[in-house]
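A.B. asks: Requesting a structural model of the entry that follows:
(one chain, ligands or ions: 1)
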Amino acid sequence: MAKSLAGRIALVTGASRGIGKAIALRLAQEGAHVIATARTVGGLEELDDDIQASGESATLVPLDIKDFAGIDRLGTPIAERWGKLDILVGNAGILGSLTPLQHLKPETFDDLMAINVMANYRLIRSLEPLIKASDAGRAIFVTSGAAHKARAYWGGYAVSKAALDMLVRTWAAELETTNATANLLNPGPIATRMRRQAMPGEDQKTLPTPEQLADAMISLCSADATSNGAVHDFKDGVLIQRN
Ligand code: NDP
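C.D. replies: Alright, predicted model coming up:
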């Protein structure tokens, strides 16, 4: 049977573990060629092994997403090899520290803004022509419920995700007359390293896995997906669209 994303080219940031790794593998299982980026080479290589085991191939790009010139350099080889980018998953993110704003270190705030916001802006800036060159470019950025909840000690992370939401919604408005769309995915609590950092005492067996989230979100990557500028909340195993 033909795979639903055969022939599609996908770039996933933060693909070395957690949510990004599960999404990258799921995309490959559906037949997409995945360009996987993160800093941890070992994690990318594990992903590559899993992708090869599913009969597909990946391109690994070790990259610190704070290296904005490095993001700019992603476009040229993609343009030369494929001439388009069908799917972009902006997933790489950090939690920073959960602490009162007055205690939040300026370096941590800078990192939150650089990784959770600026890097995604730089991806948009450098990859938009390739996404528009696809017959149905699909960009999905991973946000958080924290973006809309003013909760003590979560300020740095929440500010960065609120900024990401506005960035993506604005871009979606700009894409309105094109074949491309941009949406946000709000995973809710998922069993990953970041979640453990936020909730150290929690039994992660009670949480959905990154693979369950990946199974649900794959529909957003399809050329048939029509939403643009929406948030998709993952809840009880399904995606619920919020405009
Ligand atoms: P993990 O900490 O497990 O994974 C984070 C990923 O981001 C890693 O692959 C990491 O790669 C990458 N990353 C972090 N910093 C950098 C950097 N400087 N350069 C390149 N890559 C980087 O977290 P999750 O999988 O949980 O999180 C993924 C996304 O989901 C994030 O945007 C997060 O905010 C969001 N989210 C998660 C929730 C959850 O409950 N887990 C809930 C709501 C939102 P490496 O370290 O190898 O560079």
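A.B. asks: Tell me the buried residues in the lengthiest helix in the chain?
C.D. replies: Looking across the chain with DSSP state H, the single longest helix is helix 155-175. Neighbour-count burial for helix 155-175 flags 155-165, 167-169, 171-172, 175 (criterion: 16 or more other C-beta atoms under 10 Å). For the C-beta atoms, the positions are set from N, CA and C on the backbone; glycine is no exception.
A.B. asks: near the ligand, which residues of this structure?
C.D. replies: 14, 16-20, 38-40, 43, 64-66, 91-94, 115, 142, 144, 187, 189-190, 192-195 (C-beta under 6 Å from any ligand atom).
A.B. asks: Let's see that with 5 Å instead.
C.D. replies: Contact residues (C-beta under 5 Å from any ligand atom) of the chain with the ligand: 14, 16-20, 38-40, 64-65, 91-93, 142, 144, 187, 189-190, 192-195.
A.B. asks: Please state the backbone phi and psi of the most centrally placed residue in the chain?
C.D. replies: The residue lying closest to the centre of the chain (C-alpha atoms, centre = their mean) is residue 91, at 2.2 Å. Backbone torsions of residue 91, given as degrees, to the nearest 10, read phi -110, psi -30.
A.B. asks: Among the residues of the chain next to the ligand, name the ones in helices.
C.D. replies: Among the residues of the chain next to the ligand, DSSP H puts 18, 19, 20, 193, 194, 195 in helices.
A.B. asks: and which of those is nearest the ligand?
C.D. replies: Of all these, the ligand sits closest to residue 18, with 2.4 Å by C-beta to the nearest ligand atom.
A.B. asks: For the closest one, which non-adjacent residue is closest in space?
C.D. replies: residue 192 (3.6 Å; C-beta to C-beta, 6 or more residues apart in numbering).
A.B. asks: Mind picking the two most distant members of the ones in helices among the residues of the chain next to the ligand?
C.D. replies: Distance extremes for those: the farthest pair is 20 and 195 at 13.7 Å, using C-beta to C-beta.
A.B. asks: Between those two, tell me which one has more neighbours.
C.D. replies: More crowded of residue 20 and residue 195, by other C-beta atoms under 10 Å: residue 20, with 27 against 20.
A.B. asks: Now for the more buried one: which residues touch it?
C.D. replies: 12, 13, 14, 38, 89, 91, 92, 142 (C-beta atoms under 8 Å, 6 or more residues apart in numbering).
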